[in-house]
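In: Here is my input, please return the structure:
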Amino acid sequence: MLENIYLEKLSNMFVAEKKYILCLKKLSAAALTDELRRGLLPDSSDQHMHIERLKLCFEIQKAKKVGIISPLDAYFFEHSKDVVKGKVPSLEKDISLLHTSQQIFQRKIHGYYSLQQMAIALGLEQAVLLLEQCFKDDQNAYNYLVQISQNIIYPKAVI
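Out: Below you'll find the model as predicted:
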């Protein structure tokens with residue numbers, strides 16, 4: 001039973017991860033602040049490697065990648081579109097981009113943590129390591145966005 005849930009969640013994360021990479025690129029392009037723009041780029045936090053690691057997890061299980069977008073992921077994709085469209089880049093928009101991207105990374109952190117715990121329970125040692133790296137990448141990206149907010153975005157908003 002746990003293996004079925006694991007494979008379902010893994011498939012859903014795989015499908016969502018591809019869309020999150022596109023989403024982060026769009027959020028990055030809409031940023032005014034250079035540091036935020038760079039922090040949101042998928043390449044800056046190895047987001048592309050998540051796809052490769054997830055593929056390896058599927059190979060370990062000899063499973064197919066057939067997933068759906070969860071309602072929560074769909075919400076973030078739609079919300080991101082709303083944040084990006086409209087106004088020209090501004091500090092106000094950067095704050096919205098920052099909040100949205102932090103929520104996305106928190107969602108991904110929780111998703112990878114959950115998958116990692118299932119892999120531990122299933123005894124999938126290699127998958128545990130792969131999922132842990134995705135988890136750490138997203139944690140680091142989130143922490144970097146926190147630093148940007150504390151050191152750049154909010155101090156600029158005060159000035």
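
In: what helix or strand does Ile60 sit in?
Out: Under the criterion of DSSP states H and E, Ile60 resides in helix 47-61.

In: Could you name the helices and strands sitting against the helix or strand Cys134 falls within?
Out: Element membership of Cys134 [criterion: DSSP H and E] is helix 125-148. Using 3 or more C-beta pairs under 8 Å, 6 or more residues apart in numbering; DSSP states H and E, the elements in contact with helix 125-148 are helix 34-40, helix 47-61, helix 91-122. The C-beta positions use only the backbone N, C-alpha and C, and glycine is treated the same way.

In: Just send those helices back as CSV, with mean neighbour count too.
Out: Output for the helices and strands packed on helix 125-148, formatted as CSV (neighbours: other C-beta atoms under 10 Å):
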stretch, mean neighbour count
helix 34-40, 20
helix 47-61, 17
helix 91-122, 19
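
In: which stretch among the ones you listed comes nearest Leu7?
Out: Among the helices and strands packed on helix 125-148, the nearest to Leu7 by C-beta to C-beta is helix 47-61 (6.3 Å).

In: Show me what the helix or strand just after that closest one is packed up against.
Out: Using DSSP H and E, the helix or strand that follows helix 47-61 in sequence is helix 71-84. Applying 3+ C-beta pairs under 8 Å, 6+ apart, one finds that helix 71-84 contacts helix 2-29, helix 91-122.
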